[in-house]
Every structure is written in C-alpha cells, then in structure tokens.
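Colleague: Dropping a prediction and its sequence here:
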Amino acid sequence: MTVAAVIVAGGSGLRAGGERPKQYQIIGGRPVIWWTCRAFLEHPAIDHVQPVIGEGHEALFAEATDGLGLALPVIGGPTRQESCRIGIEAVARHKPSHVLIHDAARPFVSPSLIADVMNWLERFPAVVPGMPVAETLKHAPGGVVSRTVDRSGIWTAQTPQGFRFDDILAAYRRAEAERFENLTDDASVAERSGIPVSMIPGRPENRKLTTAEDIAQADRDMMSVQLRDRPDIRIGQGIDIHPFEHGDAVVLCGVAIPYSQRLAGHSDADVGLHALTDAILGAIGEGDIGTHFPPSDQRWKGAPSRIFLARAIELLEAKGGILAHADLTLLAEAPRIASHVAAMKAVLAPILRLDAGRIAIKATTTEKLGAIGRGEGIMAFATVTVRLP
Ligand code: MG
C-alpha cells in the first residue's frame, strides 16, 4: 500500500472572521493547517502529503508550515470539488495505490483514526469516517417543522476519506467531464461513480472548525493539551533600553513608526524584541541576547531583531518548551505607540507561536521624569511565562 494524503485548504474561510482565513489562524500556538499537515507527515504509513491551497495564500502557507518539510502546495479551484481534483491529479506522479483526502480545518485528526481508515481500505474501495446522528432531526424549511426525520442509519461525514487511487481519480475526472459540480465531499463523487462507500466510526474530537467560536474553543483545547504535557512553569524577565539618534522612524516590535528620531544600536535597536528575547532566554537559563548575538559580530549590524527572538524560540522548542504568555511594557514620551499595538501583535504572534490574545503590549510615559522622560530614548520591560516538559 502506497498512500498519499491530500490536505484541502483552498477555502477562503471567512465565516470564522479574523484577519486571515481560518486554516491559517493560530490555535495552541500554531496555525490550524500546521497541526493538520503534521498529523499526516508524522504518520508512519503515509508516504506523501500534498497540500492544496487557495489562490493568493502562497505566502500565508509558506509562513504557516515553515520547517515542516512539506511538498510544495498546488493551487486549488473555485470549489472544494475542483480543489480536490487538482490535489488528486498532483499526487498521481507518485503512483499511490490509495489516497486519503482531508480537510485542513480538522486539526484534531488522530493517528488512530488515520490508521482505522487505512485498515478498512485494505478490504474496501472507499471508506468514510463519521458519527451516527444522536439527536432528533427536524425538517424545518423556513423555521417551521414540517416533519421529524427518521435518524436511524443517518451519519455525519468526517475526513480523512480514503479511496483506491485509480477509482477516485477516474470518478473526479468523470464528474468534471460531465460538468457535475459542487459535491461537498469526496465520498459523494465516489458514490456518483457507483463506488461502494463504507462508513466507519470517526472521532467526536475530529470536528471541522468553521466559526470564530470553533477557533477559540480549538485554541483552548489545543493549548490545554500543550500545557498538560509541560508542567514545569518558568517566568522570565527581560529589560532593554536604547537611546535616540537622528533618524526618521522607530522600530518597535517589528513595526516602523514614523518619528523624527530613531533608536541607536548595533542591530535595528528594537527594544521591545530585545526585552522579549532576554525574557525567554532567562526563563530557560540560556544566558542573554549578547551571549548568542555579540555586538562585536559584524553579522548582526543593522539586523532585524526578529531573528534574535526567533532564535530564542528555537532554543525553547529544542527543550520541548512553549511560551504560554508574553507581556511587554514600553516606556517612552514619544512617539505615540497605542495605535500600532495591533500591528505589533500581528508581527509577534507567528514568531512567538502565540495567539494574539496571549500577548500584551502596553505603553506608558514616565511623566517627564528621568532620561526617558526627557525623551532621550525608549525602554522596554518584558515578562513571559514558559512551559517546559
Ligand atoms: Mg538592545
């Protein structure tokens, strides 16, 4: 059995709200699609993982799955059906005997469910996991009940749905040739071609994330698993200060704020990122920013400070740790910072692998007291909570 997995992430996912499509929103510190792809990449019986993404999502996808070692994505079509067909065509070159097709918006897929689908595929041509409907079903067009539907034998369908490769490829090509569109799952395409489809028990936790509330709940669930596995709680603290010099913008938390001066320093002098970097390094006992990036090293001259922060996260992850929260206070008389906080959080969230709701950025003046009060520079204080195994 040679098995390819096609991960369908073509949708715009706008029902979930937010600034990015739902499959790229952060749950448990990683984008939804990262968890989904990793589940298949790490499964020992899956040979190829092929993502299908929406047009214009190339950069989002590259950022979300950086480091996973995934195959290049293919660009899907206007409907789920068309995106699946494109994904299936893309894995044909690997000549798989079977293919599993899975929604990117189901990140809680378990290794045991993937194994169940594959075991059934040894004996049956098409397998769909699902849940028998437990609640009473009402047919209520316009909100008025016309009848109660007999729920016996009624299942909801989940993914991954598994097929013999040649069968499903032919079924998709046939549906396309006959211009039969908008089939909402792969089994429907198979059924239309007369392929018998077996239904097996899915998993209640393998739900599809659709709404903003689904995403929020998934973040809580994924985070609680992450925290449960990391009982060692560490608090880290970091402080940094840089003086002003003549310039035209101040870079704070990766965001350039137009101003009559800039911060002086060896790198881009981003005090916010430096304080956060030191707080993380402090929590894991790995020295400070100068240990890893000595100012004497010409490589870091003018460097964007996000590479320092990313390195601290890398060291944290090498210990099996995660960040649970970050709180940053910026002390400055000027420029005004409040209106840039949302943009700063958007920069930090993917680097820290934290939902924006777990990042705080506060700004205050010092009531004109001291060097900061005289407008000679900007200071930053960071506190982070780190969880280690
Ligand atoms: Mg510094």
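Modeller: That came in fine, so what should we check first?
Colleague: For the closest residue to Ala9 other than its chain neighbours, give me its contacts.
Modeller: Distances taken as C-beta to C-beta, 6 or more residues apart in numbering put Ala104 closest to Ala9, at 3.5 Å, once the chain neighbours are dropped. No exception for glycine: its C-beta is placed from N, CA and C like everyone else's. Contact partners of Ala104, counting by C-beta atoms under 8 Å, 6 or more residues apart in numbering, are 7-9, 23, 32-33, 36-37, 51.
Colleague: redo that, cut-off 6 Å
Modeller: 7, 9, 23, 33, 36 (C-beta atoms under 6 Å, 6 or more residues apart in numbering).
Colleague: what's near enough to touch the residue of the stretch 251-389 of the chain found nearest the ion?
Modeller: For the stretch 251-389 of the chain, the residue positioned closest to the ion under C-beta to the ion is His274, at a distance of 3.6 Å. Neighbour list for His274: 240, 289 [criterion: C-beta under 6 Å, 6+ apart].
Colleague: Would you mind naming the helix or strand containing it?
Modeller: Assigned by DSSP states H and E, His274 belongs to helix 271-283.
Colleague: distance between that helix and the chain's centre?
Modeller: The chain centre lies 23 Å from the centre of helix 271-283; the measure is C-alpha atoms, centre = their mean, to the nearest Å.
Colleague: Please apply the same query to stretch 201-209.
Modeller: Counting by C-alpha atoms, centre = their mean, stretch 201-209 comes out at 18 Å from the chain centroid.
Colleague: again, but for stretch 181-194
Modeller: On C-alpha atoms, centre = their mean, the centre of stretch 181-194 falls 29 Å from that of its chain.
Colleague: Now tell me what touches it from outside.
Modeller: 79, 81, 84, 101, 126, 128, 157, 161, 171-172, 174-175, 197.
Colleague: Also stretch 114-127?
Modeller: 43, 45, 98, 160, 162-164, 167, 190, 195, 197-198, 200.
Colleague: Next, work out how far apart Thr184 and the ion are.
Modeller: 53 Å (C-beta to the ion, to the nearest Å).
Colleague: and stretch 149-165, which residues are buried?
Modeller: Within stretch 149-165, the residues that qualify as buried are 155, 157-165, counting by 16 or more other C-beta atoms under 10 Å.
Colleague: Then stretch 236-253?
Modeller: 236, 238, 240-242, 244, 250-253.
Colleague: beta partners for Pro201?
Modeller: Gly130 (DSSP bridges).
Colleague: so where do the helices sit in the stretch 101-250 of the chain?
Modeller: Secondary structure of the stretch 101-250 of the chain (DSSP state H, counting those that start in this stretch): helices at 111-121, 165-177, 186-192, 212-228.
Colleague: CSV for these, including distance to Leu354?
Modeller: Shown next, in CSV, are these (distance: least, C-beta to C-beta, whole Å):
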stretch, distance to Leu354
helix 111-121, 26
helix 165-177, 39
helix 186-192, 35
helix 212-228, 10
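Colleague: Could you report the separation of Ala235 from Leu68?
Modeller: Rather than Ala, residue 235 is Ile. Distance of Ile235 to Leu68, given as C-beta to C-beta, to the nearest Å: 30 Å.
Colleague: wait, which of the contacts of stretch 114-127 is closest to the ion?
Modeller: His43 (43.3 Å).
Colleague: Verify the assumption that that closest one is located in a strand.
Modeller: No - with DSSP: H, G, I helix; E, B strand; the rest coil as the criterion, His43 is assigned coil and is not in a strand.
Colleague: Give me the neighbour count for it.
Modeller: For His43, the neighbour count with other C-beta atoms under 10 Å is 19.
Colleague: Fine by me, thanks again.
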